[in-house]
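>>> got a predicted structure here, sequence first:
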Amino acid sequence: MSSGSSTTSTSAKSDRVLVRLVIGHHSQHLPNGQLPNGHTHRWTVFVRAPGGMNFTDRSFIDKVTFHLHPSFANPERHVKKPPFEVTETGYGGFPMPIEIRFAGIKKAYIINYDLSLSLDAHSEMKVEQILE
């Protein structure tokens, strides 16, 4: 999805821009003993356009940085092209700051996302976020 999507709106009274994004994750509970490190889940955290669609180019979002728990190797994951997502395995949830940089804008927007893992075989959580 490029910048021509319905993810932005402008106010006639100001130069303010509102951006709607979907931030979320899906996880899979793994069978006992599948991973030698004790991890119980495979999960993917993502930043998408409304409706759950992936962006198709960098004309709207320039880069997304996912700040994983410090126990992960390379805990700062910089994703510079779509899909803006990270897949890992783990055994517990944690708060994850997600830094979003839009094309042509110097300011970074930080979303504090709570990655929580369910005991269900498959689960998905997402929230629509409006950035100004």
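Sure thing, it's come through. Residues are numbered from 1 along each chain as shown.
>>> show residues contacting stretch 68-87.
42-48, 54-58, 61-67, 88, 90, 94, 96 (CB atoms under 8 Å, 6 or more residues apart in numbering). No exception for glycine: its C-beta is placed from N, CA and C like everyone else's.
>>> count of residues packed around Lys126?
Neighbourhood size, Lys126 [other CB atoms under 10 Å]: 14.
>>> in a helix, that's where Gly51 is, yeah?
Yes. Counting by DSSP: H, G, I helix; E, B strand; the rest coil, Gly51 falls inside a helix.
>>> wait, what's in contact with it?
Applying CB under 8 Å, 6+ apart, we find Gly51 in contact with Val22.
>>> what about Tyr124, distance to Phe46?
No, residue 124 isn't Tyr; it's Glu. In this view, Glu124 and Phe46 are 10 Å apart by CB to CB, to the nearest Å.
>>> could you do Phe66 as well?
On the measure of CB to CB, Phe66 and Phe46 end up 9 Å apart.
>>> got it, and Tyr109?
Applying CB to CB to Tyr109 and Phe46 gives a distance of 16 Å.
>>> picking up where we left off before, who has more neighbours out of Glu124 and Phe46?
Ranked by neighbour count (other CB under 10 Å), Glu124 and Phe46 place Phe46 first, with 23 against 13.
>>> the more buried one: what's it in contact with?
Val22, Ile23, Gly24, His25, Pro83, Phe84, Glu85.
>>> looking at these, which has the most residues close by?
Phe84 (24 neighbours).
>>> coming back round to it: what's the PyMOL line that selects buried ones from the contacts of stretch 68-87?
Buried subset of these, written as a PyMOL selection, criterion 16 or more other CB atoms under 10 Å:
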select buried, resi 42+43+45+46+47+48+55+61+63+64+65+66+67+88+90+94+96
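>>> can you pull up the most central residue in this structure?
Phe46 (3.0 Å; CA atoms, centre = their mean).
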